[in-house]
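A.B. asks: Task: produce atomic coordinates for the following.
(chains A and B)
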Amino acid sequence: MIHYLSYSLKRRKIANLITIGISVMLVLLLNLYFGSISSYQRQLTDLAQNVPIYCQITNLNGSLGNGLFISEQILDGLQQSDQVKDLSYMTVIMAGEGDFKEAEYSKYLNLYVVGANKVEAVGELSNDMIHMTTGNVDELLTSDRMECIVNENILKKRGWEIGDQITLKCYYYDPASEFSKIEIHSMGGTVEVTIVGTMEDIVGKTNAIATDVIIPAKTARNYFEQCGLKFFADTITFHVKDPLNLNAFKADMQEIGLMETSAEAMDSYTGYALTVRDASFIASATDLRHTIELMQSFFPAVCILVLLIGYVVSYLSGNSRKDEFALLRLQGVKKLKGSMLFLLEQIILVLIGNLIGDAVIAVISPSLTTMAVVNGVLLAAYAIGAAAAYGRMSRGSVVYLLSTQQ
Amino acid sequence: MVKIIEAKNVGYIYQSKYQKTKALTEVSCSFEQGRVYAITGKSGSGKSTFLSLLAGLDVPTEGNLYIDGKDIREIDRDAYRMNRASVIYQAFHLFPLLTVLENVMFPMQLQHISKKEVKNRAQEFLAKVGLPDNLYGKMPNMISGGEQQRVAIARAMSSGGQILLADEPTGNLDSQNESVIVELLCKLAHEENYAVIVVTHNEKVAEAADVVYGMLDGALEVVRG
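C.D. replies: Next up, the predicted model:
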């Protein structure tokens, strides 16, 4: 029987080429279909990077995003949360150079010291605006070293140099202050920090916060602790780690103690509300999800279409080869074996078509997963259709087929 | 002589959706090896139906048909056609995709005979039916009707079954080829010990047969025996 199969594959050139051609076309069309679905799925996954969801801690009515008192509990909760990424925070301390009498604070208190965990936490400052003599700014800001970066104008004015150790007397903003009547109090004593870099002056160029000295956020926090004071963050921003799982994110934020903003709430400096800028992400994700669902809903129809093509091609091929089938039966070949021979021949041709189609697709846009799905669906659906067609053909009477040939 | 085929009161009814047609009525006869049988009769008399039953392509609806003493309903009729009985037709029915030689090799390939032996034996059979070897590699549609029928006979011989059933084997041939085929069939029966059963309206074929049955409206009677 294998001999007959090989002769048939070799000698029915035109018919076989047509079947292979149909198979190639099906591979290309199915790749287009499945490729589009996987492309949309990729876009949905990549959406998190392309359209990140930005979050900011605000006061309850959402009117303030910085200059707030954000508790350590909220900061720690966010730092430990696995739903948060790119967390940036900073705190602002007022300072004066040297040790001066507290009564004279209004004369000496002229430096804005920012404790930040990242360069981006300081308004619109970026890494290329920082000039370090040694080391790396990111590494510095995540450490708790007693080092600082100074605004280049301040450096010049005060005659400081890189490597100088400066003494600062610090004052903190009192969280118990009434709204719009903010009070400051001495943290007690002085602190010494070494200048390790400079920053370009961004005040006036952007809407950045006035910053004269930057120290690592942990250094600032440690200093608060040493002084027996509660640490408060001034600003906290971050991104949602898994934007496709917003429900889990929201549940986690609630657990941390963050609330939704309410426009009717009173003005305050307490930061415990969460503003999530997810509208554009949700709109894009919803559009993509709808498109994917719509395309996936066609899957049964696509399978039926391939099955029907398999049936029609095999039926037409079988119809033109009924005499061959009858002859095989006349020679004593069993009905099932004869049908299987024709079916196997079709599957081999479809397989050849698949391989050619795969080769074309591999050149255009290779995706092993899509190829595997396409080949699987095509072979399975086509084989079912072909089996139905040859099953139908084999039901014909051999006597009738041979007599009609006469 | 041993009866290799025996029909006892065989009847056959064609049953379509709308009607029943009685094609054979109480046919009783037997066939032995080494003889040529002719079954004659008008078109529609039931002779081809009877030949189909003898070929195991169908089974009687009434009575019994025995092959080597076994009821045809109880044997593997595909194996019977593969190993015991071969059929040739007026339209030759050669495999269009196979060459002359490959057509003759086919039944032996089904029997899993070695490749080399298959080829040698196929060439022997083709030589026996007098086909020149320059035609062995040709496709069936490239040779004449008489040559095609000789290939069909060689293919029937290659199964080694020794029962040859022929349905109007000379129907499509000119008188010269007709004589060659009749002569070949007789030679197979008398020299190779085949049981040759020929359905025909051709008088020449009937004259050459050892036994002649006549069929009329589904009933069989001995005309000459």
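
A.B. asks: Count the neighbours of residue 101 for me.
C.D. replies: I went with chain A, as the question did not name one. By other CB atoms under 10 Å in any protein chain shown, 9 other residues sit near residue A:101. Bear in mind the C-beta positions are built from the backbone N, C-alpha and C, glycine included.

A.B. asks: looking at chain B here, not the other one
C.D. replies: Residue B:101 - counted by other CB under 10 Å - has 22 other residues nearby.

A.B. asks: Give me every residue in chain B lying close to chain A.
C.D. replies: Applying CB under 8 Å from any CB of the partner chain, one finds that chain B approaches chain A through B:48, B:52, B:55, B:57-58, B:78-83, B:87, B:89-91, B:93, B:95-98, B:102, B:105-107, B:109-110, B:159, B:168, B:171.

A.B. asks: Go through those residues and flag which are in strands.
C.D. replies: B:87, B:89 (DSSP state E).

A.B. asks: Among the residues of chain B next to chain A, name the buried ones.
C.D. replies: Burial by neighbour count, judged by 16 or more other CB atoms under 10 Å in any protein chain shown, picks out B:48, B:52, B:55, B:57-58, B:78, B:80-83, B:87, B:89-91, B:93, B:95, B:97-98, B:102, B:105-107, B:109-110, B:159, B:168, B:171 from these.

A.B. asks: Quick one: neighbours of the closest residue to residue A:243 other than its chain neighbours, just the number.
C.D. replies: Using CB to CB, 6 or more residues apart in numbering or on different chains and skipping residues adjacent in sequence, the residue nearest residue A:243 is residue A:48, 4.5 Å away. Neighbourhood size, residue A:48 [other CB under 10 Å]: 19.

A.B. asks: what's downstream of the helix or strand residue A:48 falls within, the next helix or strand?
C.D. replies: Using DSSP states H and E, residue A:48 maps to helix A:13-50. Per DSSP H and E, helix A:13-50 leads on to strand A:54-58 as the next helix or strand towards the C-terminus.

A.B. asks: what residues does the stretch 301-406 of chain A put near chain B?
C.D. replies: The stretch 301-406 of chain A comes close to chain B at residues A:323-324, A:326-327, A:329-334, A:397-399, A:402-403, A:405-406, as judged by CB under 8 Å from any CB.

A.B. asks: Which PyMOL command selects the buried ones in these?
C.D. replies: Provided next is the PyMOL selection string for whichever of those are buried by 16+ other CB under 10 Å:
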select buried, chain A and resi 323+324+326+327+329+330+331+332+333+398+399+402+403
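
A.B. asks: wait, what's in contact with residue B:67?
C.D. replies: B:4-5, B:56, B:75, B:80, B:84-85 (CB atoms under 8 Å, 6 or more residues apart in numbering or on different chains).

A.B. asks: which residue ranges form the strands in the stretch 251-400 of chain A?
C.D. replies: Along the stretch 251-400 of chain A, counting by DSSP state E, counting those that start in this stretch, strands occupy A:259-260, A:273-277.

A.B. asks: ok, now chain B?
C.D. replies: B:3-15, B:20-32, B:36-41, B:62-67, B:70-71, B:85-89, B:163-167, B:195-200, B:211-216, B:219-224.

A.B. asks: wait, which of those is closest to residue A:31?
C.D. replies: Nearest of those to residue A:31, taken as CB to CB: strand B:85-89 at 48.1 Å.

A.B. asks: Which elements pack onto that closest one?
C.D. replies: Strand B:85-89 sits against helix B:145-158, strand B:163-167, with contacts defined as 3 or more CB pairs under 8 Å, 6 or more residues apart in numbering or on different chains; DSSP states H and E.

A.B. asks: Let me have these in a markdown table, adding mean pLDDT, distance to residue A:287 and mean neighbour count as columns.
C.D. replies: Shown next, in a markdown table, are these (pLDDT from 0 to 100; distance: least, CB to CB, whole Å; neighbours: other CB atoms under 10 Å in any protein chain shown):
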| stretch | mean pLDDT | distance to residue A:287 | mean neighbour count |
| --- | --- | --- | --- |
| helix B:145-158 | 90 | 68 | 25 |
| strand B:163-167 | 92 | 71 | 25 |
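
A.B. asks: May I see these arranged in CSV, with distance to residue A:23 as well?
C.D. replies: What follows is the helices and strands packed on strand B:85-89, written out as CSV (distance: least, CB to CB, whole Å):
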stretch, distance to residue A:23
helix B:145-158, 34
strand B:163-167, 40
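
A.B. asks: what sits against residue B:131?
C.D. replies: For residue B:131, counting by CB under 8 Å, 6+ apart, the contacting residues are B:100, B:147, B:150-151, B:154.

A.B. asks: distance of whichever residue of the stretch 251-400 of chain A sits closest to chain B from residue B:83?
C.D. replies: Relative to chain B, the nearest point of the stretch 251-400 of chain A is residue A:332 (2.6 Å; CB to the nearest CB). Separation of residue A:332 from residue B:83 (CB to CB, to the nearest Å) stands at 7 Å.

A.B. asks: what's the overlap in contacts for those two?
C.D. replies: residue B:159.

A.B. asks: Look at the residue nearest to residue A:243 and report its pLDDT.
C.D. replies: Model confidence at residue A:48, given as pLDDT, is 77.

A.B. asks: what packs against the top helix by length along chain B?
C.D. replies: In chain B, ranked by residue count with DSSP state H as the criterion, the top helix is helix B:175-192. With contacts taken as 3+ CB pairs under 8 Å, 6+ apart, helix B:175-192 sits against strand B:36-41, helix B:145-158, strand B:163-167, strand B:195-200, helix B:203-208.

A.B. asks: in it, what's buried?
C.D. replies: B:177-178, B:180-182, B:184-186, B:188-189.

A.B. asks: Find the nearest non-adjacent residue to the residue of the stretch 251-400 of chain A closest to chain B, please.
C.D. replies: Using CB to CB, 6+ apart, the nearest residue to residue A:332 is residue B:82, at 2.6 Å.

A.B. asks: any idea of the pLDDT on the one you found?
C.D. replies: Taking residue B:82 on its own, its pLDDT is 91.

A.B. asks: can you list the residues of chain A near chain B?
C.D. replies: A:1, A:3-4, A:7-8, A:11-12, A:323-324, A:326-327, A:329-334, A:397-399, A:402-403, A:405-406.

A.B. asks: Apply 6 Å and report the result again.
C.D. replies: The interface of chain A toward chain B, taken as CB under 6 Å from any CB of the partner chain, is made up of A:3, A:7-8, A:11, A:327, A:330-332, A:334, A:398-399, A:405-406.

A.B. asks: count of neighbours near the residue lying closest to residue A:342 once chain neighbours are set aside?
C.D. replies: Nearest in space to residue A:342, with sequence neighbours left out and distances taken as CB to CB, 6+ apart, is residue A:390 at 5.0 Å. Residue A:390 is flanked by 26 other residues according to other CB under 10 Å.

A.B. asks: And residue A:390, how far from residue B:6?
C.D. replies: In terms of CB to CB, residue A:390 sits 37 Å off from residue B:6.

A.B. asks: who touches stretch B:194-205?
C.D. replies: Residues outside stretch B:194-205 that contact it (CB atoms under 6 Å, 6 or more residues apart in numbering or on different chains): B:4, B:31, B:33, B:36-39, B:47-48, B:51, B:162-168, B:170, B:182, B:185, B:188-189.

A.B. asks: now do 7 Å
C.D. replies: By CB atoms under 7 Å, 6 or more residues apart in numbering or on different chains, the residues outside stretch B:194-205 that reach it are B:4, B:31-33, B:35-40, B:47-48, B:51, B:54, B:162-170, B:178, B:182, B:185, B:188-189, B:206, B:209.

A.B. asks: same thing with stretch B:212-222?
C.D. replies: For stretch B:212-222, using CB under 7 Å, 6+ apart, the contacting residues are B:22-27, B:29, B:37-41, B:45-47, B:206, B:223-224.
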